[in-house]
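J.: just need the structure, nothing else, for what follows:
(chains A and B)
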There are 2 protein chains.
Amino acid sequence: MSELQAYIDERKELNLQELIELLKIPSISTDESLGGEVKRCAERMSELMAEAGLETEVFETDGHPIVYGERLEAPGAPTVLVYGHYDVQPPDPVELWRNGPFEPTEEDGYLVARGATDDKGQFYALIKGIQASREVNGKLPCNIKVLCEGEEEVGSPNLDPFIRREQDRLACDIVFISDCSQFAIDMPAITYGLKGLCYLEVFVDGPSKDLHSGSFGGSVANPANVLACMMAACQGPDGKIAIPGFYDDVRPLEDWEREMMAELPFDEEEFRASVGAVKLFGEAGYTTLERKGARPTLDINGIVSGYTGEGAKTVLPATASCKFSMRLVPDQDPGKITTLVSDFLNQVAPDTVKVEVRPHHGASPVIVSRDGAAVKAAEKALETGFGRRPVFVREGGSIPVVNTFQEALGVESLLIGLGLPDDNLHAPNEHFRIKDYHRGAVTMAAFLEEYGKTKT
Amino acid sequence: MSELQAYIDERKELNLQELIELLKIPSISTDESLGGEVKRCAERMSELMAEAGLETEVFETDGHPIVYGERLEAPGAPTVLVYGHYDVQPPDPVELWRNGPFEPTEEDGYLVARGATDDKGQFYALIKGIQASREVNGKLPCNIKVLCEGEEEVGSPNLDPFIRREQDRLACDIVFISDCSQFAIDMPAITYGLKGLCYLEVFVDGPSKDLHSGSFGGSVANPANVLACMMAACQGPDGKIAIPGFYDDVRPLEDWEREMMAELPFDEEEFRASVGAVKLFGEAGYTTLERKGARPTLDINGIVSGYTGEGAKTVLPATASCKFSMRLVPDQDPGKITTLVSDFLNQVAPDTVKVEVRPHHGASPVIVSRDGAAVKAAEKALETGFGRRPVFVREGGSIPVVNTFQEALGVESLLIGLGLPDDNLHAPNEHFRIKDYHRGAVTMAAFLEEYGKTKT
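T.: All right, here's what the predicted structure looks like:
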């Protein structure tokens, strides 16, 4: 491995510059006006993957393009499908960024930019690992397929059909994904559980236009008042979700999981300070780690009604709306939860307003096996890359494609987070530790070497 | 009166053009960036008042200027102080206007523009009435003082001290205000009751930055979830405000008032259709007219948190805030209600977030006497102007200055609404019926003639 390490060390500056170029492209998939930038990012990613030694192809979809690449030169060795995404979240609120979200800057060993960790940085580290492995060894020890999409942040509407259509092309033994985080700094992790997602938006319509709250207040239902009551009805003060039937399909945490979580080095006070809350809060009867990784949640993601500008305006708003999402755990089903929650909201809403519940996107929760050659190889590879054996964790985020790979290709996914838990994912000043970018590349190369020893 | 009527009829087009020019000036007092436009409006108003025959003066304040004018040429006759405001509400949401809010357009006999009815149109009708009276009679039958401020829509922070300081200058027998509405189309009204106001804004702070709702959901209180619960706690499903002590000082409606309100021609279904709500709603045990005019209310005026743009963003927001206001009735006190509501919100808020309640502005509720020479003169004048005797009503809006006039000058106010209840006050496509603009001028002139007969 020392030759590999030396190879990557030599190319650190070059590898970093390539990532910085990718981060300068505002590939915000949810913003329709930026379609051209998303496409430009796909093309640049394809070029870089080709330079890394892959045969690449850009597939157009009804939405943003899918970049695919492969190098199949290890007969008898397993095939690894690397998945990632080149699209990013919107940067709002932009005014809270220390620098422009698409002007990557180095700060104290971190690279700060939208997409730095989610997922351009983590994904591109793997590409650099594949390239290093090939160039150091002369050829790759595993067969490699790479799938990089541009719609992860909007629920991957076109990836699912693509995977199902291209089952033969994508056939593999394992999927390798770096789109989550280590357990803590210098503490690599293998994520064996992911939450699912059910993201909804509710619209409450009252009067047909904004009214003067003095002249009309008290005579018609105020949609903002109504919406507050509806959202309040979804939860209890004990942090339990109050929607009947919501917990019916929740698989209880097993004793060994609770024991393992309790043994992880996690300082509640340090965590509280890092998020800046005056006090932690969550579902009664569970620890913070259990709540974060293994219990379902309900969060308002955005709410708006009426006048939100400077000063005061005495308006009775015509409409109010709320984006909110539930993180699901096995064996909750996003479709069933969508119906349950929509029915509940319609039921608690008074008949003095019009209510519409619109689903955005969903994902099934997942638990992956902790046995098998790929997991063993990943454990060793992380030890090589990070100098420490990984811990096993469950994550609150969703990676819906993991379910699709299981269903369409019949394979499990290795979830190897290279980021850190406080990388400001989806928030201002998102960052990625530069050291871990390079260690990620080493880990990928080491994984291919180790996993390549497996006979298929 | 026929000479007066003819005089105003001749000048209809001219009077309308002058109003249109005033409406083109975006004198939005709450928008600090438009300070220059507010000042320009004050200066133009002063010029027009001078052209109408008044000696005018513009008084600078710590905020926007106050325009004052007077003509004292009726010794032995009473003195009338006309009050109005030249500032307007913000036009948001701008995209719902059929034309630009500051590009006045005529539509089906209405003049559509921000400020058309509130209050440039109503106020300027009175100026045109004063001018007509003077020019037709050779001199004014009453002594006239006119006070026009530029901060009514932001709670008149500088008017109160001005009135108290200028007690001698402003001394009068009655205040005449047109800043409300007729009871219905072609049904003039004298408003004898006004609600008060208590406008607050509550800020809920959770984590120090926006967090990923997957990675962090369930581990910290979500400020938007908390705010929804806090606002929901303020009211019951029966439309009653659930804040303890809120109703303590509410003066019950008297039997004669309830009888009089019940006799007013008010079609609930027509009203419902006009506001476009699927169903009317309000405090249990009261009619719609009672709720609108004489019962306290609580309305969210604006609420915002998290991501409110296009598409979906899985964010756990750092902050949430809500502007809301309560309309008060005699004998509720805005200061006492502020304390009551702030205490309540702090009490229902969990200790997992930081809560701040910030008062915007307030006003005391008012009931004015229905007897006396001025009211009698106004009844006759409205009959002259509108061809029909006025009804007596209570209004949901607040005109805080009425209290100040009572306290500082010891006089009551005549509230003569020239607008209509569905003038889209504070909403897109605000309008003022052009016919009523001219009838308002006739009414003012007739009032001066009638009231001038009173000996002081």
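
J.: and the closest residue to chain B within the stretch 101-250 of chain A, what's its pLDDT?
T.: Here the residue of the stretch 101-250 of chain A nearest chain B is A:Ser208; by Cβ to the nearest Cβ that distance is 2.5 Å. All C-beta atoms are positioned from the backbone trio N, CA, C, and that covers glycine. A:Ser208 is assigned a predicted lDDT (pLDDT) of 96.

J.: tell me where the stretch 301-450 of chain A has helices.
T.: A:334-348, A:373-386, A:401-404, A:434-451 (DSSP state H, counting those that start in this stretch).

J.: so which of these is the most surrounded?
T.: helix A:434-451 (a mean of 25; mean count of other Cβ atoms under 10 Å in any protein chain shown).

J.: list the helices and strands that helix packs on?
T.: Helices and strands touching helix A:434-451, by 3 or more Cβ pairs under 8 Å, 6 or more residues apart in numbering or on different chains; DSSP states H and E, are helix A:2-10, helix A:12-23, strand A:79-85, strand A:110-112, helix A:120-137, strand A:174-177, helix A:373-386.

J.: quick one: the first one to helix A:12-23, angle?
T.: Computed by axes from the mean of the first three to the mean of the last three Cα atoms, to 10 degrees, the angle separating helix A:2-10 from helix A:12-23 equals 60 degrees.

J.: could you pull out the buried residues of helix A:2-10?
T.: A:Leu4, A:Gln5, A:Tyr7, A:Ile8 (16 or more other Cβ atoms under 10 Å in any protein chain shown).

J.: tell me which element whichever residue of the stretch 1-150 of chain A sits closest to chain B falls in.
T.: Across the stretch 1-150 of chain A, no residue is closer to chain B than A:Thr30, which sits at 3.4 Å (Cβ to the nearest Cβ). A:Thr30 is part of no helix or strand when elements are defined by DSSP states H and E.

J.: show me the shaky parts of chain A.
T.: A:1 (pLDDT under 70).

J.: can you list the domain ranges for it.
T.: Domain segmentation of chain A under automatic domain parsing yields A:2-194+A:365-451, A:196-250+A:296-363.

J.: which one of these lies closest to B:Cys180?
T.: B:Cys180 sits nearest to domain A:196-250+A:296-363 of all the domains of chain A, at 8.3 Å, using Cβ to Cβ.

J.: dump the domains of chain A into JSON lines; add distance to B:Arg44 as well.
T.: Shown next, in JSON lines, are those (distance: least, Cβ to Cβ, whole Å):
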{"stretch": "domain A:2-194+A:365-451", "distance to B:Arg44": "36"}
{"stretch": "domain A:196-250+A:296-363", "distance to B:Arg44": "23"}
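
J.: compare the ones you listed and give me the one nearest B:Gln235.
T.: Taking Cβ to Cβ as the criterion, B:Gln235 comes closest to domain A:196-250+A:296-363 out of the domains of chain A, the separation being 6.3 Å.

J.: before we move on, the earlier item: next, format the buried residues of helix A:2-10 as JSON lines and append distance to A:Tyr286.
T.: JSON lines is the format used below for the buried residues of helix A:2-10 (distance: Cβ to Cβ, whole Å):
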{"residue": "A:Leu4", "distance to A:Tyr286": "42"}
{"residue": "A:Gln5", "distance to A:Tyr286": "41"}
{"residue": "A:Tyr7", "distance to A:Tyr286": "45"}
{"residue": "A:Ile8", "distance to A:Tyr286": "41"}
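
J.: the stretch 51-200 of chain A: helices as residue ranges?
T.: Here the stretch 51-200 of chain A has its helices, by DSSP H, counting those that start in this stretch, at A:120-137, A:159-165, A:167-170.

J.: quick check, the residue of the stretch 101-250 of chain A closest to chain B in contact with B:Gly276.
T.: Yes - checked against Cβ atoms under 8 Å, the pair A:Ser208 and B:Gly276 is within contact range at 2.5 Å.

J.: which residues do these two both contact?
T.: Here A:Ser208 and B:Gly276 share the contacting residues A:Ala318, scored by Cβ atoms under 8 Å, 6 or more residues apart in numbering or on different chains.

J.: which positions in the stretch 351-456 of chain A make contact with chain B?
T.: Those residues of the stretch 351-456 of chain A that sit near chain B, judged by Cβ under 8 Å from any Cβ of the partner chain, are A:351-354, A:360-361, A:395-398, A:421, A:424-429.

J.: tell me the contacts of the residue of the stretch 1-150 of chain A closest to chain B?
T.: A:Gln89, A:Pro90, A:Glu153, A:Val154, B:Gly309, B:Glu310, B:Gly311, B:Ala312, B:Lys313 are the contacts of A:Thr30 under Cβ under 8 Å, 6+ apart.

J.: at 10 Å instead, please
T.: Listed by Cβ atoms under 10 Å, 6 or more residues apart in numbering or on different chains, the contact partners of A:Thr30 are A:87-90, A:151, A:153-155, B:307, B:309-313.

J.: next: A:Ala50.
T.: Neighbours of A:Ala50 in contact, by Cβ under 10 Å, 6+ apart: A:Thr56, A:Glu57, A:Gly69.

J.: and it, helix, strand or coil?
T.: Under DSSP: H, G, I helix; E, B strand; the rest coil, A:Ala50 falls in the helix class.

J.: please report how far the closest residue to A:Cys229 other than its chain neighbours lies from B:Val226.
T.: In space, and not counting its chain neighbours, A:Cys229 is closest to B:Ala232: 4.4 Å by Cβ to Cβ, 6 or more residues apart in numbering or on different chains. Note on B:Ala232: its distance to B:Val226, by Cβ to Cβ, to the nearest Å, is 11 Å.

J.: between the two, which contacts overlap?
T.: Going by Cβ under 10 Å, 6+ apart, residues that sit against B:Ala232 and also against B:Val226 are A:Ala232, B:Val348.

J.: out of the two, which sits in the busier spot?
T.: For B:Ala232 versus B:Val226, neighbours defined as other Cβ atoms under 10 Å in any protein chain shown are more numerous around B:Val226 (25 against 20).

J.: so which strand or helix has the more buried one?
T.: helix B:223-232.
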